[in-house]
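Peer 1: take a look and give me a structure for this.
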Amino acid sequence: MLGEVPRLDVDPPKCLMANAFDALACATHPSAAASADDQQAVLEAAKQSGAAYLNVTPWLCTADICPAIVGVNIAYRDRTHLTTTFTMTLVPVLKEALNIRHA
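Peer 2: Purely as a prediction, here's the structure:
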């Protein structure tokens with residue numbers, strides 16, 4: 001079971017357009033983006049169903065920020081959904097986390 005995608009405080013496309021030279025203005029602190037209560041609820045649901053749990057927050061946030069742009073990619077298409085371009089960069093990371101060797 002994948003954990004919740006951290007939620008940004010702002011609408012990323014609008015914020016990035018308004019802050020073209022300061023993308024960090026569109027970042028959210030991890031404590032606001034990835035509520036510990038929400039993460040715990042998903043973890044508990046995974047345990048109850050016998051599923052493994054994979055926290056995706058480290059793929060999107062550092063200890064200090066959850067940025068709208070990760071690496072060279074705009075990560076979010078809105079406050080809670082990731083762009084296709086960014087999710088494609090996560091394929092190798094997800095394969096490694098799931099111990100998938102082929103495909």
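Peer 1: longest helix in this structure, please.
Peer 2: helix 36-49 (DSSP state H).
Peer 1: can you give me the strands in this structure?
Peer 2: 69-70, 73-74 (DSSP state E).
Peer 1: tabulate those strands (TSV), appending distance to residue 58.
Peer 2: All C-beta atoms are positioned from the backbone trio N, CA, C, and that covers glycine. Output for these, formatted as TSV (distance: least, Cβ to Cβ, whole Å):
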stretch	distance to residue 58
strand 69-70	11
strand 73-74	16
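Peer 1: mean confidence score for the longest helix of the chain?
Peer 2: Mean per-residue pLDDT for helix 36-49: 88.
Peer 1: give me the buried positions along stretch 80-93.
Peer 2: Burial within stretch 80-93, assessed by neighbour count using 16 or more other Cβ atoms under 10 Å, is assigned to 82, 83, 86, 89, 90.
Peer 1: out of the residues you listed, which two sit at the greatest distance?
Peer 2: Greatest spacing in the buried residues of stretch 80-93, by Cβ to Cβ: 83 and 90 (10.8 Å).
Peer 1: low pLDDT regions in this structure?
Peer 2: Applying pLDDT under 70 to the chain flags the ranges 103.
Peer 1: quick one on the thing from earlier: now the strands of the chain as a markdown table including distance to residue 20 and mean neighbour count?
Peer 2: Compiled in a markdown table, the strands of the chain are given as follows (distance: least, Cβ to Cβ, whole Å; neighbours: other Cβ atoms under 10 Å):
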| stretch | distance to residue 20 | mean neighbour count |
| --- | --- | --- |
| strand 69-70 | 11 | 18 |
| strand 73-74 | 12 | 16 |
